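Colleague: quick one, fold the following:
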Amino acid sequence: MTLLAAHLPVLQVVVPLLTAPLVVLLRRHDLAWAAATTASACAFAIAVELVRQVGSNGALSYELGGWPPPYGIELSVDAFSALLLLVVSGASTVGLLICRTSFGFEVAAERRHLFHSAWLLALAGLAGILVAGDAFNIFVFMEISSLATYILIAGGSDRQALPAVFKYLIMGTIGATFYLIGVGLIYMMTGTLNLADMANRIGEVADLKPLLVAGGFITVGLALKAAVFPLHTWLPNAYTYAPHAVTVFIAACSTKVALYVLLRFDFFVFQGNLPGHVSQFTTFVLPVAVIAILVASSMALFEKNLKRLLAFSSIAQVGYMLLGAGFVSVTGLTAGIVHMFNHALAKGALFLAAACLAAGGTSLTVSGLSGAASRMPWTMAAFVGAGLSLIGIPGTAGFVGKWYLVRAALEAGALGALLIVPVLAGSLIAVLYVWRVVEAAYFEPAGDPARREAPRPMLVLLWLLLGLNVWFGVQPMLPLGLAGEAAYSLLAPRE
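Modeller: The predicted structure is shown next:
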């Protein structure tokens, strides 16, 4: 392993983190954009190499300053974190690339260098959460990414983003506080913050009551961050009123990173150490997941704003991810984790299609899409393809996760088989709300004659994402392999 390759886990965070102040100093928006995009593309290249290394050598550990864990700070990359690093850095790069064409109607030129700097801080924070090996640094990176994301959402020209950001800030602060209280209680009982050391020491604690309380605080706090129903109220407006490029970025990865931390604690730290944790986790997660799938999908069905419709769809998709985790089996966890990856592809493409529609002069209301397909055929065709992936049509990436969910449900016995019903019902409702858009765009009279096709660079990115939805639907071995390895790793302490 070369010297550079040995430092990739820390470079995943350091590259965007150190580029952020450089972007501020550059000031000129074209230079700032170029520097930010280059840093994000480098982060994506690092993530690709980390996936290769994890596939070849297993989990990677990096000791900051040469201090071995648990006394020093450890960065670690395994199959789960490597898969999500691909999602985070890839979504960031796509979002920044469309900034070049979409900024003409969203972010004032004099603030773009500050906007790009905040973008890189959000990227560094999300990547830091995924590579951090201790609970406190997860909190630090969580706050970095959250504060930067608030700036990004409020950075556009739509003033309705301000109350949306305020709600997000309040809810995010509550979630982070709950998480920190839980971590503090665990530290009080175990004397460690390193996750691996924490998992070992929890089994030696005599009084488990503080740990049970800590588990409750951490689970609720992270569920709020992940917009788990009914703690989702911050998400619809945040996605709706954020600049389009920002929505592409955060919709693809922000809730998944919070779910990553939630699963890390519940399976890696608590599983096998707290009595009755498996039944408690299942009892809590499965009903919440089913309700999220059915209620959020139904709310999407009646939404008039396209981005808000897709936002409620995201809440329902979080339900699918939790449903897989709730089975507490290798197949179920594999389904939940691979659905994180596949949903990022589908929802990133759908929000990018919404950005293309806006760039072409189309109103982002369902009624305002009337006749859009006649003047924006490439954009609407890609939207339909990404919608098919969201629904879970065979041959698309979205099908893979739902197929594994059905397999996990069948493995769980009669009660599990009943849970196939909400999976299929959620997909059926998705057909209906995607059809609302298709019907307006293809079968209603053309609207604004000034409407035009989106800029070519945006269309190229949109169709690239659509191609990935098809590719990983036909050749799903990369995400499936990483998801399966992650599932085995998370369940190992329990076995």
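Colleague: those helices in the stretch 201-350 of the chain, which residues are they?
Modeller: In the stretch 201-350 of the chain, the helices defined using DSSP state H, counting those that start in this stretch lie at 209-225, 235-241, 244-263, 277-291, 297-301, 306-326, 330-359.
Colleague: and the last one, average pLDDT?
Modeller: Throughout helix 330-359, pLDDT has a mean value of 90.
Colleague: from the contact counts, what lies against that helix?
Modeller: Judged by 3 or more Cβ pairs under 8 Å, 6 or more residues apart in numbering; DSSP states H and E, the packing partners of helix 330-359 are helix 79-102, helix 244-263, helix 306-326, helix 377-391, helix 397-411, helix 456-474, helix 477-491. Placement of C-beta: from N, CA and C, glycine included.
Colleague: other SSEs contacting the second one?
Modeller: Contact analysis of helix 244-263 by 3+ Cβ pairs under 8 Å, 6+ apart lists helix 79-102, helix 112-131, helix 135-153, helix 209-225, helix 235-241, helix 306-326, helix 330-359 as its packing neighbours.
Colleague: so residue 47, which of the three states?
Modeller: helix (DSSP: H, G, I helix; E, B strand; the rest coil).
Colleague: next, count neighbours for it.
Modeller: 26 (other Cβ atoms under 10 Å).
Colleague: now do the same contact list for it.
Modeller: By Cβ atoms under 8 Å, 6 or more residues apart in numbering, the contact list for residue 47 reads 12, 82, 85-86, 88-90.
Colleague: make it 7 Å
Modeller: Shown in contact with residue 47 (Cβ atoms under 7 Å, 6 or more residues apart in numbering): 12, 85-86, 89.
Colleague: any idea which of those residues has the most stuff around it?
Modeller: residue 12 (31 neighbours).
Colleague: the helix or strand encompassing that residue to helix 135-153, inter-axis angle?
Modeller: Using DSSP states H and E, residue 12 sits within helix 8-26. Counting by axes from the mean of the first three to the mean of the last three Cα atoms, to 10 degrees, helix 8-26 lies at 40 degrees to helix 135-153.
Colleague: what's the burial count for the residue nearest to residue 370 when sequence neighbours are not counted?
Modeller: Take residue 370 and drop its neighbours on the chain: the residue closest to it by Cβ to Cβ, 6 or more residues apart in numbering is residue 444, 3.9 Å away. For residue 444, the number of neighbouring residues by other Cβ under 10 Å comes to 14.
Colleague: residue 444 contacts residue 369, correct?
Modeller: No - with contact defined as Cβ atoms under 7 Å, residue 444 and residue 369 do not form a contacting pair (8.1 Å).
Colleague: will you turn the helices and strands packed on helix 330-359 into JSON lines that also has mean pLDDT and distance to residue 59?
Modeller: JSON lines is the format used below for these (pLDDT from 0 to 100; distance: least, Cβ to Cβ, whole Å):
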{"stretch": "helix 79-102", "mean pLDDT": "88", "distance to residue 59": "8"}
{"stretch": "helix 244-263", "mean pLDDT": "90", "distance to residue 59": "15"}
{"stretch": "helix 306-326", "mean pLDDT": "91", "distance to residue 59": "20"}
{"stretch": "helix 377-391", "mean pLDDT": "91", "distance to residue 59": "30"}
{"stretch": "helix 397-411", "mean pLDDT": "89", "distance to residue 59": "23"}
{"stretch": "helix 456-474", "mean pLDDT": "90", "distance to residue 59": "23"}
{"stretch": "helix 477-491", "mean pLDDT": "88", "distance to residue 59": "8"}
